[in-house]
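Student: heads up, no residue letters with this:
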């Protein structure tokens with residue numbers, strides 16, 4: 001799938017209204033830069049949110065603030081189309097901070113959307129959001145970022161599907177792609193797994209519910225690490241997960257830049273050294289069940305990654321396949337309900 005098509009599907013999933021997306025894509029077709037077109041859309045949606053809030057229509061304002069956050073994040077992923085442009089870290093970070101601010105406005109108006117939380121660790125803390133369903137809670141799922149996704153857009157939309165099935169959802173900013181670099185835990189989330197599990201257990205409504213993890217792409221790799229880090233994680237689902245990062249992925253400038261921003265490595269030798277540590281070798285085998293959804297047309301993490309993960313997890317791993325591109329962005333409407341069903345059965 002061409003990069004532009006991939007981004008279109010992703011923007012649609014993240015929650016940018018269809019009309020705003022089509023208008024921005026029309027301007028892009030006429031020569032406007034992706035980043036500028038979607039930032040303009042975000043500013044228009046922000047005006048809508050502010051107007052609804054002034055009018056006292058809090059529910060409508062909250063929805064418009066969510067749209068605003070999604071549009072600012074959509075603007076930031078324009079780096080995929082122009083990864084060599086100078087000044088990209090500052091621009092991407094600025095847009096994602098605007099997304100975070102808009103998301104916070106939405107949560108302040110509608111508490112059912114969730115609340116901001118921080119999980120303390122020995123070396124600092126990890127920020128995130130907790131969202132609980134109405135009625136009985138059937139389980140709690142920890143959602144983790146990919147290299148260029150954020151809690152305030154993509155993870156919020158994934159969380160909606162799980163909350164709708166009765167799961168509490170904890171979205172964690174790991175990696176923190178707002179430019180926090182190595183703050184918190186980095187990618188070794190197996191070391192933080194006991195603290196995360198303990199934090200969940202201290203929530204009264206979640207004290208006795210089963211615990212799982214979910215992520216796509218690099219977030220899928222992190223979900224494997226959480227599963228390996230504490231037996232209280234009883235299940236995890238990973239879509240197009242990486243088993244490692246090597247020269248094949250790091251030859252792509254956009255991947256280098258995403259990794260650099262997420263983990264504060266710079267773009268030279270330090271990045272290569274840090275990325276070489278991203279491996280499942282040495283991780284303890286999981287105690288819980290793992291579902292791997294492998295995309296047959298994945299050009300980033302091919303079948304060798306799926307095979308390595310299956311070998312690592314042994315009979316605890318179930319592999320399912322789909323004929324789609326990396327993370328199957330064009331088919332989320334098909335595979336996400338399937339993963340919800342799997343968690344409902346496993347937890």
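Tutor: Nice, thanks for sending it over. Note that the structure is predicted; figures quoted are calculated from it, not measured. Residues are numbered from 1 along each chain as shown.
Student: Dihedrals phi and psi, the closest residue to residue 278 other than its chain neighbours?
Tutor: Nearest non-adjacent residue to residue 278, counting by C-beta to C-beta, 6 or more residues apart in numbering: residue 245, 4.5 Å away. Where you see a C-beta, it was placed from the backbone N, CA and C, and this is true even at glycine. The phi/psi pair for residue 245 (degrees, to the nearest 10) reads phi -120, psi 130.
Student: same thing with residue 84?
Tutor: According to degrees, to the nearest 10, residue 84 has phi -90, psi 0.
Student: so it touches residue 253, yeah?
Tutor: Yes: counting by C-beta atoms under 8 Å, residue 84 does reach residue 253; the two are 6.2 Å apart.
Student: Compare those two and say which is more crowded by neighbours.
Tutor: More crowded of residue 84 and residue 253, by other C-beta atoms under 10 Å: residue 253, with 14 against 9.
Student: Give me the below-cutoff pLDDT ranges for the chain.
Tutor: Across the chain, residues meeting the criterion (pLDDT under 70) sit at 1, 122-123, 179-184.
Student: buried set for the host helix or strand of residue 24?
Tutor: In this assignment (DSSP states H and E), residue 24 forms part of helix 18-29. Neighbour-count burial for helix 18-29, counted by 16 or more other C-beta atoms under 10 Å, picks out 20, 21, 24, 25, 27, 28.
Student: which ones are touching the first one?
Tutor: By C-beta atoms under 8 Å, 6 or more residues apart in numbering, the residues touching residue 20 are 41, 44, 45, 67, 71.
Student: now do residue 296
Tutor: Contact analysis of residue 296 by C-beta under 8 Å, 6+ apart lists 303, 321, 322, 323, 324.
Student: Buried by neighbour count, from these: which ones?
Tutor: So, by 16+ other C-beta under 10 Å, the buried ones in those are 322, 324.
Student: beta partners for residue 322?
Tutor: Residue 322 forms beta bridges with residue 295, as assigned by DSSP bridges.
Student: now residue 65: how far from residue 109?
Tutor: The gap separating residue 65 from residue 109 is 7 Å, by C-beta to C-beta, to the nearest Å.
Student: go on, residue 328?
Tutor: Residue 328 is 33 Å from residue 109, by C-beta to C-beta.
Student: Looking at those two, which has the bigger crowd around it?
Tutor: Using other C-beta under 10 Å, the more surrounded residue of residue 328 and residue 109 is residue 328, with 25 against 20.
Student: in a helix, that's where that one is, yeah?
Tutor: Yes: applying DSSP: H, G, I helix; E, B strand; the rest coil, one finds residue 328 inside a helix.
Student: give the contact list for it.
Tutor: Per C-beta under 8 Å, 6+ apart, neighbours of residue 328: 239, 240, 293, 295, 322, 334, 335.
Student: Okay, and which of those residues map to strands?
Tutor: Under the assignment DSSP state E, the contacts of residue 328 contribute 239, 293, 295, 322 to strands.
Student: Provide a list of residues in contact with the last one.
Tutor: Residues near residue 322 by C-beta under 8 Å, 6+ apart: 293, 294, 295, 296, 328, 331, 334, 335.
Student: do the same with the third one
Tutor: Contacts of residue 295 were listed using C-beta under 8 Å, 6+ apart, and they are 239, 240, 321, 322, 323, 324, 325, 326, 327, 328.
Student: My read is that the second one contacts residue 326, right?
Tutor: Looking back up the chat, that one is residue 240. Yes: using C-beta under 8 Å, residue 240 is in contact with residue 326, at 5.3 Å.
Student: got any residues that touch both of these two?
Tutor: Residues touching both residue 240 and residue 326 (C-beta under 8 Å, 6+ apart) are 217, 295, 298, 300, 301.
Student: Emit the PyMOL select command for whichever of those residues are buried.
Tutor: A single PyMOL command selects the buried members of the shared contacts of residue 240 and residue 326 (16+ other C-beta under 10 Å):
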select buried, resi 217+295+298+300+301
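Student: Can you give me the neighbour number for the closest residue to residue 109 other than its chain neighbours?
Tutor: Nearest non-adjacent residue to residue 109, counting by C-beta to C-beta, 6+ apart: residue 62, 4.0 Å away. As a burial measure, residue 62 scores 22 neighbours (other C-beta under 10 Å).
Student: how much space is there between residue 62 and residue 133?
Tutor: Noted for residue 62: a distance of 18 Å to residue 133, by C-beta to C-beta.
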